[in-house]
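**Student:** model this:
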Amino acid sequence: MEFLDRDILGGFSRMGSLLWAAANTAVGLLLWALGAFVDRPGVHRLWLLVPLLFVCAALLLRRTRPGVGLTIGTIGLALDLVVVGPSVWPVAVYGDLLYAVTVWGGSRLAYGVVAAVGALGVLGVGGAVLVWPEELLAEGLLGVLSLVGLYVLVFVTPMTSGLSVRAHRARAELERQRAVQVTRMAELDRANAIAAERARMARELHDVVANHLSAVALQSTAALALREFDPERVRGVLRTVRDNSVRGLAEMRRMIEVLRAGEQYEAERVALCLRDVGQLAATARDAGLDVVLSGVEEAGELPARVDAAAYRTVQECMTNALRYASPPRLRVTVRRTADAEDAGEWLVIEAENPVAEPAEPSRTGAWGSGTGLAGMRERTVLLGGRFRAGLNGDGQWRVRVELPIES
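**Tutor:** Reported below is the predicted structural model:
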């Protein structure tokens, strides 16, 4: 079928139109030979071939230039009806040209032709009644209806069929465009999902690596700063370094297992619970941070995502305190509270530690890049919570996270 749509004659017609024009020419010649025409006195029958060839040649342009084709066909039909004919087949072929205009022509051309044919029909029937009133009255109402029916059959029916096909094609095009838009939206959703998952994994990696490696770095720095070799103290430092390394590797292994299994939150449901922050506090104390926890046990059972977010929040606060608190001290308070505005229950986490410099920890340099704070904020916002962090009036760095328990 692709062969039938191949452009020929410089792109002005297609192979299918050429074959269709040839077939109609053959049928017209057959009917001409059989005498399917009105024999007009003084006109040789060979002249009837001129309008036939005009109308059939117009079929070459039915797909690519339907307006030009209709113009050529109109000239041929006028010659046939007024000058040399009429004959049967040019009229039939002209109906196909009208169909082609309504299907493949532009909107203005198609509906303009429909309006013109309708107006000509009304004028033609009215003119016939005025010109041949006696003949039509002799045949009665049946004669008038026969004339109208013939006009509708030859000229109106092809156009109504063409308009129906045009409407179906327009609907099909709209559905195709809608399918393209749905595909684009699906691609955007997929890209957004990938970006969100990458951001989540970045937060998880930061929380896992920063906490344990901060403790390892501090302990290693302390060991290197010893003026005299103290076997017991060095052994304690190495024990802390080993424990943090093992725990960090264990968490990394669980994350990798989740990625291989395709389950986003399974590792958090299994491993990350607020009641396990006591282990984090023990590790931080080994690294030299004075940690005070209150209200953790009273928090009770929490939804998996809230539990994991609370754990990560406390972990990040300890990591920041290990790096920036001076003196190294941290107080973490956890409590459940009711919100009077939405009548819901919230988990509130507050962490305070002293700082040596009155600067914003989110800036680069000695105060870090702010990745941990950004991760806490993103995790809180994703759960529909509220996050605040900054210096208070007495030189304390304070982090306050509020998480809706029903999220």
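**Student:** okay, Val101: pLDDT?
**Tutor:** Listed pLDDT for Val101 reads 91.
**Student:** pretty sure it is touching Leu109, no?
**Tutor:** Yes - applying Cβ atoms under 8 Å as the test, Val101 and Leu109 come out as touching, 6.2 Å apart. (Each C-beta comes from the backbone N, C-alpha and C, glycine too.)
**Student:** okay, the two: which has more neighbours?
**Tutor:** Val101 (25 against 15; other Cβ atoms under 10 Å).
**Student:** partners of Trp397 in the sheet?
**Tutor:** Asn353, Leu391 (DSSP bridges).
**Student:** determine the longest helix present in the protein.
**Tutor:** For the chain, the longest helix by residue count, based on DSSP state H, is helix 157-224.
**Student:** I'd like the next helix or strand past that helix.
**Tutor:** Sequence-wise, the next helix or strand downstream of helix 157-224 (DSSP states H and E) is helix 231-261.
**Student:** can you name every helix or strand that that next one contacts?
**Tutor:** helix 157-224, helix 266-271, helix 277-286 (3 or more Cβ pairs under 8 Å, 6 or more residues apart in numbering; DSSP states H and E).
**Student:** so where is the stretch 201-350 of the chain shaky, pLDDT-wise?
**Tutor:** Along the stretch 201-350 of the chain, segments meeting pLDDT under 70 span 206-215, 218-219, 221-226, 254-271, 339-343.
**Student:** can I take it that Gly42 is in a strand?
**Tutor:** No - under DSSP: H, G, I helix; E, B strand; the rest coil, Gly42 falls outside any strand and is assigned coil.
**Student:** tell me how many other residues crowd it.
**Tutor:** 4.
**Student:** can you check Gly278 too?
**Tutor:** If you count neighbours by other Cβ under 10 Å, Gly278 ends up with 13.
**Student:** touching, it and Val296? I think so.
**Tutor:** Yes - using Cβ under 8 Å, Gly278 is in contact with Val296, at 7.2 Å.
**Student:** list the contacts for Asn24?
**Tutor:** Asn24 makes contacts with 56, 59, 89, 93, 96, as judged by Cβ atoms under 8 Å, 6 or more residues apart in numbering.
**Student:** now with 6 Å?
**Tutor:** 56, 93 (Cβ atoms under 6 Å, 6 or more residues apart in numbering).
**Student:** any idea how far Val355 is from Val399?
**Tutor:** 12 Å (Cβ to Cβ, to the nearest Å).
**Student:** what's the local residue count around the closest residue to Gly105 other than its chain neighbours?
**Tutor:** What sits nearest to Gly105 in space, not counting adjacent residues and going by Cβ to Cβ, 6 or more residues apart in numbering, is Pro66, at 4.4 Å. Pro66 has 26 neighbours, counted by other Cβ under 10 Å.
**Student:** quick check: Pro66 vs Thr157, distance?
**Tutor:** From Pro66 to Thr157 the distance is 18 Å (Cβ to Cβ).
**Student:** rewinding a little: of the helices and strands packed on helix 231-261, which approaches Phe387 most closely?
**Tutor:** helix 157-224 (13.3 Å; Cβ to Cβ).
**Student:** double-check Ala284 against Cys317; I have them as touching.
**Tutor:** No - between Ala284 and Cys317 there is no contact under Cβ atoms under 6 Å: 9.8 Å.
**Student:** what about the two, which has more around it?
**Tutor:** More crowded of Ala284 and Cys317, by other Cβ under 10 Å: Cys317, with 30 against 26.
**Student:** give me the domain ranges for this structure.
**Tutor:** 2-184, 195-404 (automatic domain parsing).
**Student:** which ones are touching the residue nearest to Gly105?
**Tutor:** 100-101, 104-105.
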